[in-house]
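In: this one's sequence-less:
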């Protein structure tokens with residue numbers, strides 16, 4: 001690895017993503033901001049993902065791959081990458097999503113000018129072939145703890161965190177919704193998430209979810225975070241869940 005620490009560390013978990021990982025990596029290589037490292041933690045892929053990761057690492061010294069000893073889920077993969085990250089700023093990008101070329105440059109400038117510790121951006125849905133589906137999720141100006149409980153609008157692929165202000169952190173060992181639990185943990189400390197309302201990321205729906213499918217699973221996991229992670233009382237959990245459900249319907253349709 002280079003001796004000078006990069007300013008931004010891109011955290012990417014991977015598992016059997018041979019069809020999309022190259023597009024994800026290309027979207028990082030195509031960033032107008034260049035001072036980054038990309039750490040890809042592979043969760044025991046059984047397809048050609050590892051071969052493609054080796055080729056990417058060989059082609060660009062800013063890309064680093066690590067491998068979990070056993071299949072442990074996205075949280076464990078992200079945490080392995082976080083442990084190795086050297087950048088002050090942490091940006092998350094899943095292995096089937098993509099960024100627009102100016103994503104890092106614009107978001108980093110947004111954070112530095114305003115002194116923000118936590119930011120996120122708008123994003124759009126794309127299909128399995130990378131074609132836009134003309135559905136955009138806008139970024140509100142700011143999100144605090146109570147807002148996040150009501151509306152899980154912050155897309156993991158858009159988040160950037162300044163570890164100098166927020167401190168080092170890790171994701172709880174959950175099989176899903178570990179990103180939501182992480183954002184809630186940061187916001188609970190008094191950190192505010194600020195939204196840059198530009199469509200700078202692309203969320204691929206095919207293969208992991210759909211605009212209508214999987215919503216019940218997401219709802220159950222959100223309820224789990226309320227009750228088991230945040231330890232909210234039943235009535236308060238129900239109140240927040242009603243808001244979550246309403247916002248989820250608006251976001252999807």
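Out: Cool, the structure landed. No experiment lies behind these values; they were computed from the predicted model shown. Numbers count the residues shown, from 1 in each chain.
In: part of a strand, is residue 240?
Out: No: checked against DSSP: H, G, I helix; E, B strand; the rest coil, residue 240 lies outside a strand; its state is helix.
In: tell me the contacts of it?
Out: Residues counted as contacts of residue 240 (CB atoms under 8 Å, 6 or more residues apart in numbering) are 149-150, 226, 232. Heads up, the C-betas are built off the backbone N, CA and C, glycines and all.
In: which pair in those spans the largest distance?
Out: Maximum pairwise distance in the contacts of residue 240, criterion CB to CB, is 12.1 Å, between 150 and 232.
In: about what we covered before: what's the closest of the contacts of residue 240 to residue 182?
Out: Comparing the contacts of residue 240 against residue 182 with CB to CB places residue 149 closest, at 13.9 Å.
In: quick check: chain neighbours aside, which residue is closest to the closest one?
Out: Distances taken as CB to CB, 6 or more residues apart in numbering place residue 240 nearest to residue 149, at 4.3 Å, with adjacent residues excluded.
In: roughly how far apart are the one you found and residue 250?
Out: Using CB to CB, to the nearest Å, residue 240 is found at 16 Å from residue 250.
In: likewise residue 21?
Out: As judged by CB to CB, residue 21 and residue 250 stand 32 Å apart.
In: same question for residue 81.
Out: Distance from residue 81 to residue 250, by CB to CB: 33 Å.
In: more neighbours, the two?
Out: Ranked by neighbour count (other CB atoms under 10 Å), residue 81 and residue 250 place residue 81 first, with 24 against 10.
In: in the helix or strand hosting the more buried one, what counts as buried?
Out: Following DSSP states H and E, the helix or strand that holds residue 81 is helix 74-84. Neighbour-count burial for helix 74-84 flags 74-82 (criterion: 16 or more other CB atoms under 10 Å).
In: just curious, which of the residues you listed is nearest to residue 46?
Out: Among the buried residues of helix 74-84, residue 77 lies closest to residue 46 (CB to CB), at 14.9 Å.
In: list the contacts of that closest one.
Out: Contacts of residue 77 were listed using CB under 8 Å, 6+ apart, and they are 13-15, 41-43, 68.
In: please repeat the previous calculation with a cut-off of 6 Å.
Out: Applying CB atoms under 6 Å, 6 or more residues apart in numbering to residue 77 gives the contacts 13, 41, 43.
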